[in-house]
Structure formats: structure tokens, C-alpha cells
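> Provided below for reference: sequence and predicted model.
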Amino acid sequence: MGGAGSSAALLIAAAALSPLSAVAAKTDFGKYEYDSHCAVCHGASGKGDGPYAGLGDQSVANLTTLAKRNGGMFPFQRVYETIDGTVPVKAHGTADMPIWGQRYRAQAPEVMLDVPYDPEVYVRTRILALTEYVSRLQAK
């Protein structure tokens with residue numbers, strides 16, 4: 001991905017092509033993804049204070065300071081790759097089990113049932129929506 005402009009264009013294209021776009025148009029799909037999968041550890045506000053924070057041997061990242069820790073620029077691609085499993089995060093599991101990328105791929109047939117879909121577009125749409133939502137959690 002080549003910067004914020006291309007990231008936004010990719011997000012728009014994936015949402016437009018996705019069977020999930022009807023759902024995304026009616027709800028804040030990124031927030032839904034975050035609340036469903038991330039808030040349990042990272043907390044509702046993204047500060048790393050969710051109900052499961054501190055249960056493991058790893059501290060939970062404060063997602064609200066990602067841009068601040070990256071020179072004021074939200075690290076969109078790094079966050080996307082972390083969610084996808086491309087960038088390993090010890091708390092997210094081993095490299096053999098990147099938490100969300102593989103889970104989304106495995107869930108796609110259950111969610112889509114008999115609707116024709118492109119599994120990669122399905123996965124990218126979910127990860128892009130989640131990444132975009134995390135970008136909105138950034139401290140001002």
C-alpha cells in the first residue's frame with residue numbers, strides 16, 4: 001500500500017465490492033469488528049484496559065497512541081498487517097495461528113453460506129474496516 005490515499009481507495013473499493021457493504025452502510029462495521037474481537041483485551045476506548053488485559057504474560061497495547069508513537073502518522077499498513085497476521089504479535093498467537101486473518105478466512109463460508117463471494121475481498125474488507133476504526137481511536 002502506498003500511503004494514506006491508496007489505503008483509503010483500497011478501503012472504498014473493498015467495501016464497494018464486498019457482500020458486507022450492505023451491512024457496513026447501515027452500521028459502523030469497523031466499530032462492530034473492534035467491539036466483537038478487540039475490546040475484550042484492548043478495552044472499549046483502545047487504551048489496553050479490557051476485561052482480559054493482564055490475564056496473560058504480555059501487556060496489552062494502548063491503541064490510542066499508535067500515531068503518536070509513529071511520529072504523528074497513523075501506521076495504517078502496520079496495523080493492517082498485525083490484524084492480518086503478517087506481522088506477528090506474541091499476544092495474538094503463534095505465526096501458525098495469526099488470530100484475525102485466518103479466522104476471517106475460516107469464517108467466510110459460514111457467514112456467506114450460498115452467496116457467491118471472493119474470500120480475499122471478504123477478509124480484506126473486515127480487516128480494512130477494523131484498521132480504519134482503530135485509526136479513529138487515536139488520541140488528539
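Noted; the coordinates are in hand. Since we're looking at a predicted model, the values are computed, not measured. Numbering: from 1, shown residues only.
> Helices of the chain, start to end?
4-17, 21-26, 29-37, 39-42, 76-84, 99-112, 119-136 (DSSP state H).
> what does the average pLDDT come to for the fourth one?
Over the span of helix 39-42, the pLDDT mean works out to 91.
> Residues contacting it, please?
Residues outside helix 39-42 that contact it (Cβ atoms under 8 Å, 6 or more residues apart in numbering): 34, 48, 50-53, 60-63, 91. In this view, the C-beta of every residue, glycine as well, is placed from N, C-alpha and C.
> go with 7 Å
The contact list for helix 39-42 (Cβ atoms under 7 Å, 6 or more residues apart in numbering) reads 48, 50-53, 60-61, 63.
> how about low-confidence regions in the protein?
Low-confidence segments of the chain (pLDDT under 70): 1-26, 88-102, 108-113, 115, 117.
> so how far is A44 from R69?
21 Å (Cβ to Cβ, to the nearest Å).
> The two: which is more packed in?
A44 (15 against 10; other Cβ atoms under 10 Å).
> dump the residue contacts of that one.
Per Cβ under 7 Å, 6+ apart, neighbours of A44: none.
> Backbone dihedrals for it, please?
Dihedral pair for A44: phi -60, psi -30, per degrees, to the nearest 10.
> Compute the number of surrounding residues for the nearest residue to R136 once chain neighbours are set aside.
Excluding its sequence neighbours, the residue lying closest to R136 (Cβ to Cβ, 6 or more residues apart in numbering) is G30, at 7.6 Å. Each residue near G30 was counted by other Cβ under 10 Å, and the total is 22.
> now A39
With other Cβ under 10 Å as criterion, A39 counts 17.
> how close does it sit to M73?
Counting by Cβ to Cβ - A39 and M73 are separated by 24 Å.
> Then V40?
V40 is 28 Å from M73, by Cβ to Cβ.
> For these two, indicate the residue with more neighbours.
V40 (15 against 11).
> I'd like to know how far the more buried one sits from V121.
27 Å.
> now swap in I127 and tell me
11 Å.
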